[in-house]
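Asker: Provide a 3D model corresponding to the input given below.
(chains A and B)
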Amino acid sequence: GAGVSQSPRYKVAKRGQDVALRCDPISGHVSLFWYQQALGQGPEFLTYFQNEAQLDKSGLPSDRFFAERPEGSVSTLKIQRTQQEDSAVYLCASSLNQAPYEQYFGPGTRLTVT
Amino acid sequence: DAKTTQPTSMDCAEGRAANLPCNHSTISGNEYVYWYRQIHSQGPQYIIHGLKNNETNEMASLIITEDRKSSTLILPHATLRDTAVYYCIVKTGGFKTIFGAGTRLFVKA
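Answerer: Next up, the predicted model:
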């Protein structure tokens, strides 16, 4: 079946612009995660949803970052007033809410802020 | 969640076993050990997980010490396509996941 998809795959934004990144999880996966990955580093947790409920947003770096999953399926990560330090790959992952809780990752969206 | 310590990089000859160590000395009783890998320009991929017992699947084997303070991921016959960053993670259940820097494995012909 289809895996996790993300769009766009690449996004260039001028500093100060707002961006919206989309994640389509695997059908039936209750849990959805967003990560930020800077060049040469491991993924950093941003936020976690179980269905439409955002259960953990402790990793969001500032109030410019906002994530939603209104119908418990597709999720959008929005970054307002982008800054250069927001340049990174944004990864989305989904999983079933049962052991082994393995996460299936999308290919990521590479955001470059100029 | 407990922290893990992994070597920054390792080399392995093609066809030989790759043994990737991970220290997790502060692991608690209900935390699992998970391994993921990330091939260049792709999202991470789940490999294997375990609690106490050694585990094996079609991709790899996971050896966990009796005190659970360390583990080793074994790729029995490494190929060039196994060149990737390997992440060792300890966590409970399906919640927040903390990746470290991982180990960069270079498989050489």
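Asker: can you pull the residues of chain A lying near chain B?
Answerer: Counting by Cβ under 8 Å from any Cβ of the partner chain, the residues of chain A close to chain B are A:4, A:31, A:33, A:35, A:41-45, A:48, A:55-56, A:58-59, A:91, A:93, A:95-108. Placement of C-beta: from N, CA and C, glycine included.
Asker: apply 6 Å and report the result again.
Answerer: Those residues of chain A that sit near chain B, judged by Cβ under 6 Å from any Cβ of the partner chain, are A:31, A:42-43, A:45, A:56, A:91, A:95, A:97, A:100-102, A:105-108.
Asker: tell me the one of those residues nearest B:Lys3?
Answerer: Using Cβ to Cβ, A:Gly42 comes nearest to B:Lys3 of the residues of chain A next to chain B, at 12.3 Å.
Asker: hmm, B:Ile98 and the closest one touching each other?
Answerer: No: under the criterion of Cβ atoms under 6 Å, A:Gly42 makes no contact with B:Ile98, lying 8.7 Å away.
Asker: name only those of the residues of chain A next to chain B that count as buried.
Answerer: A:31, A:42-43, A:45, A:91, A:95, A:100-102, A:105-108 (16 or more other Cβ atoms under 10 Å in any protein chain shown).
Asker: quick one: least confident of those?
Answerer: Lowest pLDDT among these: A:Pro100, with 76.
Asker: how much space between the residue of chain B found nearest chain A and B:Leu105?
Answerer: Residue nearest to chain A within chain B (Cβ to the nearest Cβ): B:Gly43, separated by 3.0 Å. B:Gly43 sits at a distance of 17 Å from B:Leu105 (criterion: Cβ to Cβ, to the nearest Å).
Asker: repeat for B:Arg16
Answerer: 12 Å.
Asker: before we move on, what about B:Gln6?
Answerer: Taken as Cβ to Cβ, the span from B:Gln6 to B:Leu105 is 10 Å.
Asker: what pLDDT is listed against the residue located most distally from the centre of chain A?
Answerer: Farthest-out residue of chain A from its mean C-alpha position, per Cα atoms, centre = their mean: A:Ala99, at 22.2 Å. Predicted confidence (pLDDT) at A:Ala99: the value is 73.
Asker: for it, helix, strand, or coil?
Answerer: The local conformation at A:Ala99, judged by DSSP: H, G, I helix; E, B strand; the rest coil, is coil.
Asker: so, low pLDDT: which residues of chain B?
Answerer: For chain B, the stretches with pLDDT under 70 are B:1-2, B:93-94.
Asker: close to chain A: what parts of it are there?
Answerer: Residues of chain B lying close to chain A (Cβ under 6 Å from any Cβ) are B:43-44, B:46, B:49, B:93-94, B:96-97, B:99-102.
Asker: can you show me the strands along chain B?
Answerer: Taking DSSP state E, the strands of chain B run over residues B:9-13, B:18-23, B:32-38, B:45-50, B:55-56, B:61-64, B:70-75, B:84-91, B:103-108.
Asker: for B:Glu66, see how far away the residue lying closest to B:Val85 once chain neighbours are set aside is.
Answerer: The spatial neighbour of B:Val85 that comes closest, neighbours along the chain excluded (Cβ to Cβ, 6 or more residues apart in numbering or on different chains), is B:Gly102 at 4.3 Å. Distance, B:Gly102 to B:Glu66, by Cβ to Cβ: 25 Å.
Asker: among the two, which residue is more densely surrounded?
Answerer: Neighbour count, other Cβ atoms under 10 Å in any protein chain shown: between B:Gly102 and B:Glu66, B:Gly102 has more, with 27 against 6.
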